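Enquirer: Any chance you can model this:
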Amino acid sequence: MSRPQPAGEEQPPAHLDDVPPVPSAEEVAAELEAVADPADPADPADPADPADPADPAAPVGEEPEDRRHPSTVGGLLYLFVLAAGATGVFIAWSGDWRLGVRWIGGALVGAATFRLVLPRRDAGMLAVRHRLLDCLLLGGVGAVLLFLAQTIPNQPGT
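Expert: Predicted structure coming up:
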């Protein structure tokens, strides 16, 4: 049991004993200023800039952020899938719509296969969601396109 408090003295509730103290307004302002005003990334003297070749703390072997080629196997395979899809669109536009749709469907099924076999760190832009969902969406749409291109009957007069 706790002893009774004198009439003029208040004791904080017991559940507040474990609560850390609230930071002062100056501490909050200093932290917000540090977050809101990062160092200028264009400043070559910034030691946190990994693209600075003169920085000895920069990771060795890493390229600057402005490179233009894929950094993973999945990124390269994504470019192949994109090229196959564009080829299918061109073929469909030029007249043979069935063959064009087959190219697009095959590209999507290929993307689903690549996503299934590659680990997430290597999948690049093929990894958008969870592996199972990516594979189901890509493979499902590709399979439906292949099925439709095969089963839609020819129209009379063509």
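Enquirer: List the contacts of residue 92.
Expert: Counting by C-beta atoms under 8 Å, 6 or more residues apart in numbering, residue 92 makes contact with 99, 100, 101, 103, 104. All C-beta spots, glycine's among them, are computed from the backbone N, C-alpha and C.
Enquirer: mind redoing it with 7 Å?
Expert: Shown in contact with residue 92 (C-beta atoms under 7 Å, 6 or more residues apart in numbering): 100, 101.
Enquirer: So what touches the lowest-mean-pLDDT helix or strand in the chain?
Expert: Ranked by mean pLDDT, DSSP states H and E, the helix or strand of the chain with the weakest confidence is helix 25-36, at a mean of 78. Applying C-beta under 7 Å, 6+ apart, helix 25-36 turns out to have no external contacts.
Enquirer: 8 Å - rerun?
Expert: residue 23.
Enquirer: can you give me the helices for the protein?
Expert: 25-36, 73-94, 97-117, 120-123, 131-151 (DSSP state H).
Enquirer: Okay, now the unreliable bits of the chain?
Expert: For the chain, the stretches with pLDDT under 70 are 1-20, 37-70, 157-158.
Enquirer: Can you get me a residue count around residue 151?
Expert: Neighbour count for residue 151, taken as other C-beta atoms under 10 Å: 7.
Enquirer: That one and residue 138: what is the separation?
Expert: With distances taken as C-beta to C-beta, to the nearest Å, residue 151 is found 21 Å from residue 138.
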